[in-house]
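A.B. asks: I'll drop the sequence and a predicted model, then ask my questions.
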Amino acid sequence: MSEQLARQQAPDKIMTARLVLRRPVLSDAGRLYAMLTDPDLFRYSPVPFTGTLTDVKHIIVEWDEGWEKGLKTYVVVRKELLDEPIGFVNIGPDEELGGALIHEFSGQGLSEEIMRVLIPELGLTKAWTLIDAKVSPLIRLLEKVDFHVEKILPRHRVHPQISSEKRDCVLMRQKLLERA
């Protein structure tokens, strides 16, 4: 089975020790709206969300439709509260990773837990992400799960919640596994 075919057949649900990553449903809209409108959570986002609850419902529909185009979005929930999203993860068809976890759950190792299960479960081999160079906790997290800084991009993009000036960004990429 080819890599691309394997990724297209991504599971609807992925389990970790403490979490479930599942496809989003419309009833997630309220919690996702609270996340997306949190300026601290999306402080380093190049496009801050300024929409309504109805807009979030449209985003959920777009996320669902995106699966056919290779964009996989999982909502992150705790095993004991399956209907209360605490985050989400996007995986693009080119293996670009993005997402967020609400602050209340930061510092518990959940992001690392997600990455350590998600990457092998989806068969990702060339995952990458682009982040603000000043977000050192995220850089350290990605290094823990075998990503490396591929390139520093000076004055690459604006993060309007921080500054109207272009900021340095870091392109981080999954390390290639050594072939035996």
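C.D. replies: Cool, got the structure.

A.B. asks: Let me know the distance separating Val149 from Asp55.
C.D. replies: 34 Å (C-beta to C-beta, to the nearest Å). No exception for glycine: its C-beta is placed from N, CA and C like everyone else's.

A.B. asks: For the spatially most central residue of the chain, list the residues it contacts.
C.D. replies: Compute the mean C-alpha point of the chain, and by C-alpha atoms, centre = their mean the closest residue is Gly99, 2.4 Å away. The contact partners of Gly99, by C-beta atoms under 8 Å, 6 or more residues apart in numbering, come to 76, 87-90.

A.B. asks: Which one of these is nearest to Leu19?
C.D. replies: Val76 (5.7 Å; C-beta to C-beta).

A.B. asks: you'd agree that closest one is in a strand?
C.D. replies: Yes: per DSSP: H, G, I helix; E, B strand; the rest coil, Val76 lies within a strand segment.

A.B. asks: Quick one: neighbours of Pro24, just the number.
C.D. replies: Per other C-beta atoms under 10 Å, the neighbour tally for Pro24 reads 19.

A.B. asks: my read: it touches Thr73, true?
C.D. replies: Yes: contact criterion C-beta atoms under 8 Å: Pro24 and Thr73 qualify, at 6.1 Å.

A.B. asks: Overlap of the contact sets of those two?
C.D. replies: 63, 88.

A.B. asks: quick one on the thing from earlier: among the contacts of Gly99, name the buried ones.
C.D. replies: Neighbour-count burial (16 or more other C-beta atoms under 10 Å) applied to the contacts of Gly99 gives 76, 87-89.

A.B. asks: In CSV: those, plus pLDDT.
C.D. replies: CSV is the format used below for the buried ones among the contacts of Gly99 (pLDDT from 0 to 100):
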residue, pLDDT
Val76, 98
Gly87, 95
Phe88, 95
Val89, 96
